[in-house]
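Enquirer: Mind looking at a prediction? Sequence and model below.
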Amino acid sequence: GSEDAGSEDAGSEDAGAEDAGSEDAGADDAGADDAGVVTADGVVFDDEFGANVVFAPFGGSINAVERSTEEAFAGAASLRVVVPTTSYSGGALTLEAGVTRDLSSFDAITFYARTDAGTHTLNVVGIGDDAAGNDGFKTELPNITLSTEWAQFTIPVPNPAKLDATAALFHFAEGSDEGGYTIYLDEIRYVDLPDGTVTSPMPAIATETVERSVPD
């Protein structure tokens, strides 16, 4: 890991990409298949870790990540992440080996976050990285501002069809460049937002007729 806990290209402002993965779109069947147990449950953390959700650290990270009843946006608990004074904290909330979820009915993941003191910039949050090198549809939101007030953040899913059998639910990384502090995360869940909330903007070139002589 590095002190900024991110890569040179940590995503884009719209948190999306043209290529959201290479796997084929999945089927509607939420039963068992060769990929393991599939469930449409969108909860990653909500007072407790969602079903079969575990924390997997990124290489070189220093982590103190646990459920805490000290703070909560809603309910009784949040996920506490202690940012170290050296190296970085980072990892993935992923599913246990052999378990996947069908998240193709959701078009975004939302979560709430705050700090214990001051304003800080969280290097990166995202989906599609299980901390084991599987990131075929990784989408990230870089450099989000956190304060002592709870705030909601949304990461659009570029192509929900790619999440028909996924285990890499949510990840984060934060370097020690701003010193040690504590982040609280809550209500991390995949959601189906109202129609029109998540759109797919396309570039356009206006039609134009231009006359020029050969040397121009």
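Expert: Nice, thanks for sending it over.
Enquirer: give me the number of residues near the closest residue to residue 72 other than its chain neighbours?
Expert: With C-beta to C-beta, 6 or more residues apart in numbering as the criterion, residue 72 has its nearest non-adjacent residue at 4.8 Å, and that residue is residue 78. Bear in mind the C-beta positions are built from the backbone N, C-alpha and C, glycine included. Neighbours of residue 78 under the rule other C-beta atoms under 10 Å: 27.
Enquirer: Pretty sure residue 78 sits against residue 71.
Expert: Yes. Using C-beta atoms under 8 Å, residue 78 makes contact with residue 71 at a distance of 5.1 Å.
Enquirer: what about the strands in the chain?
Expert: Listed in chain order, the strands of the chain (DSSP state E) span 43-46, 48-49, 53-57, 65-68, 78-83, 88-95, 108-115, 120-127, 139-146, 151-156, 168-175, 181-191.
Enquirer: what's the second one in contact with?
Expert: Applying C-beta atoms under 8 Å, 6 or more residues apart in numbering, the external contacts of strand 48-49 come out as 67, 77, 93.
Enquirer: Of those residues, which is the nearest to residue 154?
Expert: Taking C-beta to C-beta as the measure, residue 154 sits nearest to residue 93 out of the contacts of strand 48-49, at 16.7 Å.
Enquirer: joint contacts of residue 78 and residue 71?
Expert: Common neighbours of residue 78 and residue 71 (C-beta under 8 Å, 6+ apart) are 184, 186.
Enquirer: quick revisit: could I get the contacts of strand 48-49 as a markdown table with distance to residue 141 and pLDDT?
Expert: Formatted as a markdown table, the contacts of strand 48-49 follow (distance: C-beta to C-beta, whole Å; pLDDT from 0 to 100):
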| residue | distance to residue 141 | pLDDT |
| --- | --- | --- |
| 67 | 23 | 97 |
| 77 | 24 | 97 |
| 93 | 15 | 97 |
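Enquirer: quick one, what contacts the residue most central in space within the chain?
Expert: For the chain, the residue nearest the mean C-alpha position is residue 126 (2.2 Å; C-alpha atoms, centre = their mean). Counting by C-beta under 8 Å, 6+ apart, residue 126 makes contact with 11, 15, 138-141, 155, 170-172.
Enquirer: Give me the buried entries from those residues.
Expert: In terms of neighbour count (16 or more other C-beta atoms under 10 Å), the buried residues within the contacts of residue 126 are 11, 15, 138-141, 155, 170-172.
Enquirer: would CSV of these with distance to residue 196 and pLDDT be doable?
Expert: As requested, the buried ones among the contacts of residue 126 are exported to CSV (distance: C-beta to C-beta, whole Å; pLDDT from 0 to 100):
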residue, distance to residue 196, pLDDT
11, 23, 40
15, 17, 41
138, 26, 91
139, 20, 93
140, 24, 94
141, 20, 93
155, 17, 94
170, 25, 97
171, 28, 97
172, 28, 97
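Enquirer: Show me the beta-bridge partners of the residue nearest to residue 50 when sequence neighbours are not counted.
Expert: Distances taken as C-beta to C-beta, 6+ apart put residue 43 closest to residue 50, at 4.0 Å, once the chain neighbours are dropped. Beta-bridge pairing for residue 43 (DSSP bridges): residue 189.
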